[in-house]
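1. predicted structure and sequence below. I'll ask about it afterward.
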Amino acid sequence: MTGDKTEEQRTEYRRRRVKRIKRTIITLCIILLVLPTILSVFLMARVSSLQSQINDIIAGTAEKTEETDTQPDVVQASVKKTVSDVSVSASEGAVSSKSEVSAKGKEVYLTFDDGPGTQTAEILDILKKEKVKATFFVTGKEDAYSKKMYKRIVEEGHTLGMHSYSHIYDNIYKSQKAFSADFQKLYNLLYDVTGIYPEWYRFPGGSSTETMKSSLGGLVDVLEKKKVSYIDWNVISPEAMNPKVTKRDMIDGIMSDVAGYDTAVVMLYDAENRPMTVKTLPSLIRKMKEKKYELLPLDKSVDPIRHNQSN
């Protein structure tokens, strides 16, 4: 009897052990089947959450982009310098100082020096196509083409300014009398051709050029007697410093500098040896329009940028 009981106990123990093993196996199988499903659900929920966050970020970026077109676009820049801090070369050097400004309501005055030239007609065509008015600081030329360009500038609503008759520094600046004679010659020429007397003058080399042998005050007196104002620039074409400048560097340089001023007076060239103005002008205008800059011709309401004064 005792042997039979022992055998029964062993059999019962093995049976229970087998059951436990089966339950363990079944439990593991269930876990292995259910766990991937749980993980999949979790991952799907996580992906959905991340996608929602991404959508929020994209939406927020879009809102900020829209605000950039209408809200102040702040630019950190250096404090403006006075003429004593600036070295303006005889080859049309420029003040590159900036101040912190807002893009909203920015006024940009595109100005073209040294014409008329072979590019003048094309520049005028571009401005007409883009519906933009600008300012031309011209020199004295009496050929038929140049006279036609003077007329086009006025007839198409641009501002006609003076940049000396000869543009020869040694002749213009050797004395007040020489300056006055040069000024009067161009002043009369432009009136004879267009029927208007110009109201703006840009000194060759700028008002702080070191080539002046007579005092600036004496030259300004000549202008004021004719009620003519003078103006320099605060943004200059990169082509002035690098004749081999690329289109990208030309555009990026001007746009970067313009961003530093509430009122930007941009000096470009209307001369045969400065081809990059024409090549980049359409892109420059479009980029400025995208920034909602107001492109204007000079008039008497403008507060002049002058290198010999702090601005």
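-> Yep, that arrived. Numbers count the residues shown, from 1 in each chain.

2. strands along the protein, start to end?
-> Here the chain has its strands, by DSSP state E, at 107-115, 135-138, 159-162, 200-201, 229-230, 235-236, 263-269, 294-295.

3. out of these, nearest to Asp182?
-> strand 159-162 (9.6 Å; Cβ to Cβ). (C-beta placed from N, C-alpha, C; glycine too.)

4. who are the contact partners of the closest residue in space to Phe112 that isn't next to it in sequence?
-> Distances taken as Cβ to Cβ, 6 or more residues apart in numbering place Asp270 nearest to Phe112, at 3.9 Å, with adjacent residues excluded. Asp270 makes contacts with Phe112, Asp113, Asp114, Gly115, Pro116, Gly117, Gln119, Thr120, Ile123, Phe136, Val138, Thr277, as judged by Cβ atoms under 8 Å, 6 or more residues apart in numbering.

5. how about Val266?
-> Val108, Tyr109, Leu110, Thr111, Trp233, Val235, Ile236, Ser237, Ile254, Val258.

6. 10 Å - rerun?
-> 94, 108-112, 134-135, 233-237, 254, 257-258, 284, 288, 295 (Cβ atoms under 10 Å, 6 or more residues apart in numbering).

7. Gly195 now?
-> Here Gly195 is in contact with Lys151, Val154 (criterion: Cβ under 10 Å, 6+ apart).

8. next one, pLDDT for the residue nearest to Phe112 please.
-> At Asp270, the model reports a pLDDT of 92.

9. any figure for the gap between it and Ser229?
-> 20 Å (Cβ to Cβ, to the nearest Å).

10. count of residues packed around the residue nearest to Lys174 when sequence neighbours are not counted?
-> Nearest residue to Lys174 in three dimensions, chain neighbours excluded: Lys213, at 5.3 Å (Cβ to Cβ, 6+ apart). By other Cβ atoms under 10 Å, the residues close to Lys213 number 14.

11. can you check Pro304 too?
-> By the measure other Cβ under 10 Å, the count of residues near Pro304 is 14.

12. can you pull the contacts of it?
-> So Pro304 contacts Trp200, Ser207, Ser229, Tyr230, Ile231, Asp232, Val265, Leu298, Asn311 (Cβ under 10 Å, 6+ apart).

13. can you rerun that using 8 Å?
-> So Pro304 contacts Ser229, Tyr230, Ile231, Asp232 (Cβ under 8 Å, 6+ apart).

14. ok, the nearest residue to the third one once chain neighbours are set aside to Val265 distance?
-> In space, and not counting its chain neighbours, Ile231 is closest to Pro304: 4.2 Å by Cβ to Cβ, 6+ apart. Applying Cβ to Cβ, the value for Pro304 to Val265 is 8 Å.

15. what residues are shared contacts of those two?
-> Joint contacts of Pro304 and Val265 (Cβ under 8 Å, 6+ apart) are Ile231, Asp232.

16. quick one: the helices in the stretch 201-311 of the chain?
-> With helices called from DSSP state H, counting those that start in this stretch, the stretch 201-311 of the chain shows them at 216-225, 247-258, 276-290.

17. for the ones you listed, which one sits closest to Asp143?
-> Closest among the helices of the stretch 201-311 of the chain, using Cβ to Cβ: helix 276-290, at 20.2 Å.

18. list the buried residues of the closest one.
-> Going by neighbour count (16 or more other Cβ atoms under 10 Å), the buried part of helix 276-290 is Met276, Thr277, Val278, Thr280, Leu281, Leu284, Ile285, Lys287, Met288.

19. would CSV of these with pLDDT and distance to Leu32 be doable?
-> Output for the buried residues of helix 276-290, formatted as CSV (pLDDT from 0 to 100; distance: Cβ to Cβ, whole Å):
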residue, pLDDT, distance to Leu32
Met276, 95, 71
Thr277, 96, 74
Val278, 96, 74
Thr280, 97, 67
Leu281, 98, 71
Leu284, 98, 67
Ile285, 98, 68
Lys287, 97, 62
Met288, 98, 66
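
20. thank you, goodbye.
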